[in-house]
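Chemist: Generate a structure from the sequence data that follows.
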Amino acid sequence: MKGMSQKRGETEGLVLADSFRVRLHPDTGAGEVRGLWHHVARFARGVLEIDEQAARGIGNFIDETGEQIAHYAAQHGGAFPRWELWLTADGSYSRQLSLRPLPELGETLGLVSAPGAALPNAPRKGPNIARYAALNRDAGAEALLIDDDGRVREGATTSIVWWRGEQAHISAARDRVASVTEALLGEILREHSISLTRAEITPEVLTSYEVWAVNALHGVRPVTSIDGTATPAVEAERLARVRAALDQTWQPFPPVER
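Modeler: Purely as a prediction, here's the structure:
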């Protein structure tokens, strides 16, 4: 993909990524991805926003890599692949596929605050992956990204949802990644007349509520502690109901025409 000019302020490296979990259907053994078309749309939209020329042939790229991913998942019992867009030293863009085994899945997790201003291109998944991974290693948990005013933005690899009674909330911050699993959760809750309401909150106040961390790999995981402070127990019936509904969003993989 030569001849695509480098955007001002962007440096060589990973500029866009979209990862998702591939599981094998328990009965048929066929590949499936939760909310597949949301991932396809997010990656395609992200590439188009970076450079129109880079977006040419994106459908073919998705189709071609789909077969590679499906083969890899069949061999390894699942997968956690990533579509990537790289900016090279000569200013051109390169679409790539990273084939990765499925990591160990978790049921719960703890959060540790990581204060600081948003990194460049914070709303875009990709350029800050290495930095966020380092934050998680340093924290020994999921880093909870906090803005300059002390308010919650997102987890390093998760979107944060908290419950005030029967009302679900998400961060009002705009400088965060658009989560596919958050979008799926929003669709599920709307069917029960519950909206994901944007709100501002500090980590200290967040400890008073039932908190979920959601992403494509693990789905929904209850947060058990924030900065060492235990959070309230989850409403098990509600969690089970939402997880069951989320399981209805698995779609055949490789992608097929809708």
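
Chemist: how's the protein carved up into domains?
Modeler: According to the domain assignment given by automatic domain parsing, the chain is divided into the following structural domains: 13-103, 109-248.

Chemist: possible to save the ones you listed as JSON lines with mean neighbour count?
Modeler: Glycine gets a C-beta too; all of them are placed from N, C-alpha and C. Rendered in JSON lines, the data for the domains of the chain read as follows (neighbours: other C-beta atoms under 10 Å):
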{"stretch": "domain 13-103", "mean neighbour count": "17"}
{"stretch": "domain 109-248", "mean neighbour count": "17"}
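
Chemist: Turn those domains into TSV, including distance to Pro255 and mean pLDDT.
Modeler: Below are these laid out as TSV (distance: least, C-beta to C-beta, whole Å; pLDDT from 0 to 100):
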stretch	distance to Pro255	mean pLDDT
domain 13-103	6	95
domain 109-248	14	96
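
Chemist: For Pro254, find the nearest of the ones you listed.
Modeler: Among these, the nearest to Pro254 by C-beta to C-beta is domain 13-103 (3.0 Å).

Chemist: Could you tell me the end-to-end distance of that closest one?
Modeler: Looking at domain 13-103, the gap from its leading to its trailing residue is 24 Å under the measure C-alpha to C-alpha, to the nearest Å.

Chemist: likewise stretch 21-41?
Modeler: Distances were taken as C-alpha to C-alpha; on that basis the terminal residues of stretch 21-41 are 16 Å apart.

Chemist: Work out the gap between it and the centre of the chain.
Modeler: 15 Å (C-alpha atoms, centre = their mean, to the nearest Å).

Chemist: Give me the residues contacting it.
Modeler: Taking contacts as C-beta atoms under 8 Å, 6 or more residues apart in numbering, the residues outside stretch 21-41 that touch it are 18, 20, 62, 69-70, 73-74, 77-81, 102, 180-181, 183-184, 216-217, 219, 246-247, 249-255, 258.

Chemist: quick one: contacts for the residue nearest to Gly140 when sequence neighbours are not counted?
Modeler: Taking C-beta to C-beta, 6 or more residues apart in numbering as the measure, Gly140 lies nearest to Val112, with 7.3 Å between them; neighbours along the chain are not counted. When contacts are counted by C-beta under 8 Å, 6+ apart, Val112 is found next to Ala139, Gly140, Ala141, Glu142, Ala143, Leu144, Ile226, Asp227.

Chemist: rerun that using 7 Å as the cut-off
Modeler: Residues touching Val112, when contacts are defined by C-beta atoms under 7 Å, 6 or more residues apart in numbering, comprise Ala139, Ala141, Ala143, Leu144, Asp227.

Chemist: Which of these fall within helices?
Modeler: The members of the contacts of Val112 that map onto helices under DSSP state H are Ala139.

Chemist: Just flag the most distant two among the contacts of Val112.
Modeler: Those two in the contacts of Val112 that are separated most widely, counting by C-beta to C-beta, are Ala143 and Asp227, at 11.1 Å.

Chemist: wait, Leu189 sits on Ala168?
Modeler: Yes - with contacts defined as C-beta atoms under 7 Å, Leu189 counts as touching Ala168 at a distance of 5.9 Å.

Chemist: For these two, list the residues in contact with both.
Modeler: Here Leu189 and Ala168 have Leu196 as joint contacts, going by C-beta under 7 Å, 6+ apart.

Chemist: in this structure, which spans are helices?
Modeler: Secondary structure of the chain (DSSP H): helices at 36-50, 58-76, 129-139, 180-190, 203-206, 236-246.

Chemist: Thank you, goodbye.
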